[in-house]
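[1] I'd like to go over a predicted model; first the sequence, then the structure.
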There are 2 protein chains.
Amino acid sequence: MKKNVALEQKYLNTALKLAQKAASKNEVPVGALVLYQDKVISRAYNLREKKHDPTAHAEILALRSAARKLKSWRLTDCTLVVTLEPCPMCLAACQQARITKVIYGAQDLKGGALSLGYRLHEDSKTNHRFSVEWVNMPECGKVLSGFFRNRRA
Amino acid sequence: MKKNVALEQKYLNTALKLAQKAASKNEVPVGALVLYQDKVISRAYNLREKKHDPTAHAEILALRSAARKLKSWRLTDCTLVVTLEPCPMCLAACQQARITKVIYGAQDLKGGALSLGYRLHEDSKTNHRFSVEWVNMPECGKVLSGFFRNRRA
């Protein structure tokens, strides 16, 4: 995907709608999609509670679905777009999948891989490097803070 | 699981048999199981090629299966036993699953989370810490080197 902020925001908006779907099912609202040749080939949202699956973050589900579609665990030339900064598990899964690029809309200062200092994507000791970019979209964070505020109320 | 080397080796042996099963299916031979109250509640081996799933490492499959069995993504009081040092994705998945302990049988100097310096399990900035122990069982490494030697031949 070439650098095109309007396009990135369009995809983040699609991911945001997926996050809102998660919220409506009482799941922490994070949404993700995978792009291949500028087409969306998978969409997912967090389903950890419903699936009883510690790995069912939006990113993992989107990666797995994309790989099923491409019939390969190697997601070469694919971009992952996600509303929230990926946790270490999800960033490492992107590396396992040989993803080319990750774009996220809101920082996660407490749980995000980059925020915690796990910069796997640029570690020359690993067998795959990729770019990770924060495209600030405040709505991606607001859907989360709103969800937790409602839950506390 | 209390510290009991004979018992740890018994479980590693079970995981090793799972790894050998993976090899017979042309998958990189890594096997894993999850213990809960000293009982094996899930067994898995790497199926990345067959499943077209970048996340289908033995550990992830064993964690997911255990969580389905316990009907909870929280694997509190569970131990993961795996033949090979977990990669960063799998170590982070153990953290997501709130695993209590990880035991592995062979180091992975090129791809293991600890060997690469990603010591997530003892990072006080994260919301869950757990113990990770190497119980040296040379067979767990040999099944891998044998597999790759055959593949090159």
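    Done, it's in. Residues are numbered from 1 along each chain as shown, chains lettered A, B, ... in the order given.
[2] Going by C-alpha atoms from here, please, whenever you check contacts or count neighbours.
    Will do.
[3] Quickly run through the sheet partners of the helix or strand where A:Val102 lies, with directions.
    Secondary structure assignment for A:Val102, by DSSP states H and E: strand A:101-106. Here the strand partners of strand A:101-106, with direction, are listed using DSSP bridges: strand A:78-84 (parallel), strand A:131-134 (parallel).
[4] Identify, by residue count, the longest helix of chain A.
    Longest helix of chain A, by residue count under DSSP state H: helix A:5-24.
[5] Alpha carbons of that helix, as PDB, please.
    Output in PDB follows, covering the C-alpha atoms of helix A:5-24 (Å, rounded to 0.1, in the frame of the first residue of the first chain):
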ATOM      1  CA  VAL A   5      -3.400   9.100   4.300                       C
ATOM      2  CA  ALA A   6      -6.900   9.300   2.900                       C
ATOM      3  CA  LEU A   7      -6.800   5.700   1.900                       C
ATOM      4  CA  GLU A   8      -5.300   4.600   5.300                       C
ATOM      5  CA  GLN A   9      -8.100   6.500   7.100                       C
ATOM      6  CA  LYS A  10     -10.700   4.800   4.900                       C
ATOM      7  CA  TYR A  11      -9.400   1.400   5.900                       C
ATOM      8  CA  LEU A  12      -9.100   2.400   9.600                       C
ATOM      9  CA  ASN A  13     -12.700   3.500   9.400                       C
ATOM     10  CA  THR A  14     -13.700   0.100   8.200                       C
ATOM     11  CA  ALA A  15     -11.700  -1.400  11.100                       C
ATOM     12  CA  LEU A  16     -13.400   1.000  13.500                       C
ATOM     13  CA  LYS A  17     -16.800  -0.300  12.400                       C
ATOM     14  CA  LEU A  18     -15.600  -3.900  13.100                       C
ATOM     15  CA  ALA A  19     -14.500  -2.700  16.600                       C
ATOM     16  CA  GLN A  20     -18.000  -1.200  17.200                       C
ATOM     17  CA  LYS A  21     -19.400  -4.600  16.300                       C
ATOM     18  CA  ALA A  22     -17.200  -6.200  19.000                       C
ATOM     19  CA  ALA A  23     -18.500  -3.700  21.600                       C
ATOM     20  CA  SER A  24     -22.000  -4.600  20.700                       C
END
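[6] And the next helix or strand past it?
    Following helix A:5-24 in sequence order, the next helix or strand is strand A:31-36 (DSSP H and E).
[7] which residues of chain A score low on pLDDT?
    Flagging of chain A using pLDDT under 70 yields the residue ranges A:1-3.
[8] Up against chain B, what does it have?
    Within chain A, the positions adjacent to chain B are A:48-49, A:51-55, A:60, A:63-64, A:67-68, A:71-74, A:88-93, A:96-97, A:110-111, A:116, A:118, A:125-126 by C-alpha under 8 Å from any C-alpha of the partner chain.
[9] before we move on, back to that, and the contacts of the longest helix of chain A?
    The set of residues external to helix A:5-24 that reach it, using C-alpha atoms under 8 Å, 6 or more residues apart in numbering or on different chains, is A:28-33, A:43-47, A:81-83, A:103-105, A:135, A:137, A:139-140, A:143, A:147.
[10] Quickly note the distance from the most centrally placed residue in chain A to chain B.
    Here the mean C-alpha position of chain A is nearest to the C-alpha of A:Val82 (C-alpha atoms, centre = their mean), at a distance of 3.0 Å. Going from A:Val82 to chain B by C-alpha to the nearest C-alpha, to the nearest Å gives 18 Å.
[11] List the contacts of that residue.
    By C-alpha under 8 Å, 6+ apart, the contact list for A:Val82 reads A:Leu12, A:Ala15, A:Val30, A:Gly31, A:Ala32, A:Leu33, A:Ala58, A:Glu59, A:Val102, A:Ile103, A:Tyr104, A:Gly105.
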